[in-house]
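Asks: Predicted coordinates and the sequence they were generated for:
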Amino acid sequence: MSNEVIITSLFIFALSGFLGLEVIRRVPKLLHTPLMALTNALSAISLVASLYILGTTDETYAQIMGFVAVVCSTINAVGGFLITDKMLRMFKRREPAKSLPQHEVSE
Amino acid sequence: MDRNDWINLAYLVGAVGFALSLKWMSSAPTARRGIFAGEIAFVIAIVATLAHEGFNNTGYVLIAIALAIGTLIGIPMGLKVPMTAMPQRIALSHAFGALAASLVGAAHYLLDWQHLGKFEIAVLGIEMILGALVFTGSLMAAGKLHEILRQRPVVFPGQQMVNLALIVVAVAMVIVLMFQPDATYLIWPILGVSLVFGVMLIIPIGGADMPTVIALLNSYAGLSAAALGIVLDNKLLIVAGALDGMSGLILSIIMCRAMNRSFSNVLFGAFGQDQTGGGEESEMGTYRSASFDEAGELLKMARNVVIVPGYGMAVAQAQHKVAELTEALEKEGIDVRFAIHPVAGRMPGHMNVLLAEANIPYDKLLDMDEINSEFPQVDAVIVLGANDVVNPAARHNKNSPIYGMPILNVDQAQTIFVVKRSMRPGFAGIENELFFNEKTLMVFGDAKEVVGELTTEVSGQRDAISI
């Protein structure tokens, strides 16, 4: 790999770090657990690397390693997005008028 | 534009989607849109990857099977896990992510070592060490949180020297690899030593420090993904890893600040072990306790009530009972709010998720900074399974292990009810001055049971007990 490619990668790493700092410190404490679940799902994008290895290799050992990696990353991606959504669905504001449920039934 | 350029453009779209996804997490109303953005970006990236040249037919078949298995396991892990098990669920997902990253790193080295420069080998080495230690470390953390393993810290003489030796050996092997890339067999001892290091890193850490440790493992997992991205020249992976790593880092800094401790103190301090000399219980004086109906009567006279939840509420799974108590109090015209310390529970935001699960609107959930100045105007506080985070000793007792930790100033309220099983000190083994405050009334019992009884007393329906 050429030095130019490596330096570009380090650029991206450094700037993404700052982007992360600015974006994530705006996330309220209220949502810190969903945030952890979401970042976990997002970092399961290492799936793209596992897919490439599993798809392009002929070596059995690499196929086994790639296979396990694809399974693990897929679990994190699918499970991570689902659980984040499940949590966020529970966060509700105060309901405006939920009184008198009996009357609502009769109407 | 050739095929690779299109794939990289798709990755760019993915990276923007990820950034938007996190940006929309900054408020509860937009957060679900964030998940949607993340999912779309994810799918685009996966489809683009499958369009790469060089995939063989066996590969496609194996990929299809692996994706199917992962999805089949992922769905129940996303939908079936109860909210009380969330800390160990998150720890487990760090373990999966780290395992995938270290396997891919190792496979890449074994397949392609002839083409790797010194810098790439070094980065790959860091990637494998981080991945392997996060894998076993997170499994240990999940085990402790799920109480398969004992939560008490395990310490022995020379522990830090052993840990240091392990990491030095792992790094030394990576350095050898840089100068002798054909020694591919070194991959296995590097991974092995790092796996052991991950276990050693977590055994001295007690349950109360888990929020920081989970956040820190999150950060390492992200860094490991970013390192993998650098070696594979996959820019999307670099962005995602850096975002994940930064998120974990920010959370662990917040947790450390909320405990007034440093990283090294959390990692090597073995909280709860070194304060045997503090046996001054006799000087604490006497405490008063209240029966359920006394506490209920006093609560009914309050105009506003603040509930302070802690890990004890999670253990007793009392959040739904707490919601019932809230409703009963509000029916009496009493204002109810919740004061949440940043390190309450076992992971960042743990209490908020549990209370949200019990249908408590999130505008009632207040951070320490939002509510601390209001405690003198609060008529009654109910401390439910929280301990160290309300101990006034943190403000003035220089000998206390928690001295300097920011706490919820519940001792300034008019009346404080502390719900607790017994007078036994909490997890960290520190006596709590609050219990001996003249405004404090102890209500003994299991959190769930006590809250249920209080609800009955407040709503005046003696015969409605369901337990």
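Replies: Sure, I can see it. Residues are numbered from 1 along each chain as shown, chains lettered A, B, ... in the order given.

Asks: For the residue nearest to the spatial centre of chain B, give me its contacts.
Replies: By CA atoms, centre = their mean, the mean C-alpha position of chain B lies nearest to residue B:347, the distance being 2.5 Å. Under the criterion of CB atoms under 8 Å, 6 or more residues apart in numbering or on different chains, the contact list for residue B:347 reads A:32, A:33, A:36, B:86, B:87, B:90, B:210, B:211, B:214, B:215. Any C-beta I mention is one placed from the backbone N, CA and C, and that applies to glycine too.

Asks: In JSON lines: these, plus distance to residue B:198 and pLDDT.
Replies: Below are the contacts of residue B:347 laid out as JSON lines (distance: CB to CB, whole Å; pLDDT from 0 to 100):
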{"residue": "A:32", "distance to residue B:198": "24", "pLDDT": "93"}
{"residue": "A:33", "distance to residue B:198": "23", "pLDDT": "94"}
{"residue": "A:36", "distance to residue B:198": "19", "pLDDT": "93"}
{"residue": "B:86", "distance to residue B:198": "22", "pLDDT": "91"}
{"residue": "B:87", "distance to residue B:198": "18", "pLDDT": "92"}
{"residue": "B:90", "distance to residue B:198": "16", "pLDDT": "94"}
{"residue": "B:210", "distance to residue B:198": "15", "pLDDT": "85"}
{"residue": "B:211", "distance to residue B:198": "19", "pLDDT": "85"}
{"residue": "B:214", "distance to residue B:198": "14", "pLDDT": "90"}
{"residue": "B:215", "distance to residue B:198": "16", "pLDDT": "91"}
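
Asks: does residue B:366 sit in a helix, a strand or a coil?
Replies: strand (DSSP: H, G, I helix; E, B strand; the rest coil).

Asks: Please apply the same query to the one 10 residues further on.
Replies: Classification of residue B:376 by three-state DSSP places it in helix.

Asks: Could you tell me the end-to-end distance of stretch B:193-212?
Replies: Between the opening and closing residues of stretch B:193-212 there is a gap of 24 Å (CA to CA, to the nearest Å).

Asks: right, is it up against chain A?
Replies: No. Judged by CB under 8 Å from any CB of the partner chain, stretch B:193-212 makes no contact with chain A; its nearest approach is 9.3 Å.

Asks: Buried residues in that stretch, which are they?
Replies: The neighbour-count check on stretch B:193-212 (16 or more other CB atoms under 10 Å in any protein chain shown) flags B:193-198, B:200-212 as buried.

Asks: related to what we said a few turns ago, please, which helix or strand holds the residue nearest to the centre of chain B?
Replies: Assigned by DSSP states H and E, residue B:347 falls within no helix or strand.

Asks: The stretch 351-467 of chain B: strands as residue ranges?
Replies: In the stretch 351-467 of chain B, the strands defined using DSSP state E, counting those that start in this stretch lie at B:365-367, B:380-384, B:415-420, B:440-444.

Asks: So which residues make contact with the first one?
Replies: Residues from elsewhere that reach strand B:365-367, judged by CB under 8 Å, 6+ apart: A:28, A:29, A:30, B:337, B:338, B:339, B:340, B:342, B:351, B:352, B:355, B:356.

Asks: hang on, isn't the first one packed against residue B:29?
Replies: No. With contact taken as CB atoms under 8 Å, residue A:28 and residue B:29 are classed as non-touching, separated by 11.6 Å.

Asks: So what's the residue count around residue B:59?
Replies: If you count neighbours by other CB atoms under 10 Å in any protein chain shown, residue B:59 ends up with 21.

Asks: Could you list which residues are in contact with it?
Replies: With contact taken as CB under 8 Å, 6+ apart, residue B:59 is in contact with A:54, A:55, A:56, A:57.

Asks: shaky segments in the stretch 251-400 of chain B?
Replies: Scanning the stretch 251-400 of chain B with the threshold set as pLDDT under 70 gives B:267-284.

Asks: and it, which residues reach chain A?
Replies: Within the stretch 251-400 of chain B, the positions lying close to chain A (CB under 8 Å from any CB) are B:251, B:254, B:340, B:342, B:347-350, B:352-353, B:356-357, B:359, B:361-365, B:367.

Asks: Mind doing that once more with 6 Å?
Replies: By the rule CB under 6 Å from any CB of the partner chain, the part of the stretch 251-400 of chain B lying against chain A is B:348, B:349, B:352, B:353, B:356, B:357, B:361, B:362, B:363, B:367.

Asks: For residue 62, which residues are in contact?
Replies: Picked chain A for this. By CB atoms under 6 Å, 6 or more residues apart in numbering or on different chains, the contact list for residue A:62 reads A:53, B:107, B:111.

Asks: my bad, chain B
Replies: Residue B:62 makes contact with A:54, A:67 under the criterion CB under 6 Å, 6+ apart.

Asks: per-residue confidence for it?
Replies: Listed pLDDT for residue B:62 reads 96.

Asks: could you say which helix or strand contains it?
Replies: Secondary structure assignment for residue B:62, by DSSP H and E: helix B:57-79.

Asks: Please point out which parts of that helix sit buried.
Replies: Buried residues in helix B:57-79, counted by 16+ other CB under 10 Å: B:59, B:62, B:63, B:66, B:67, B:70, B:73, B:74, B:77, B:78.
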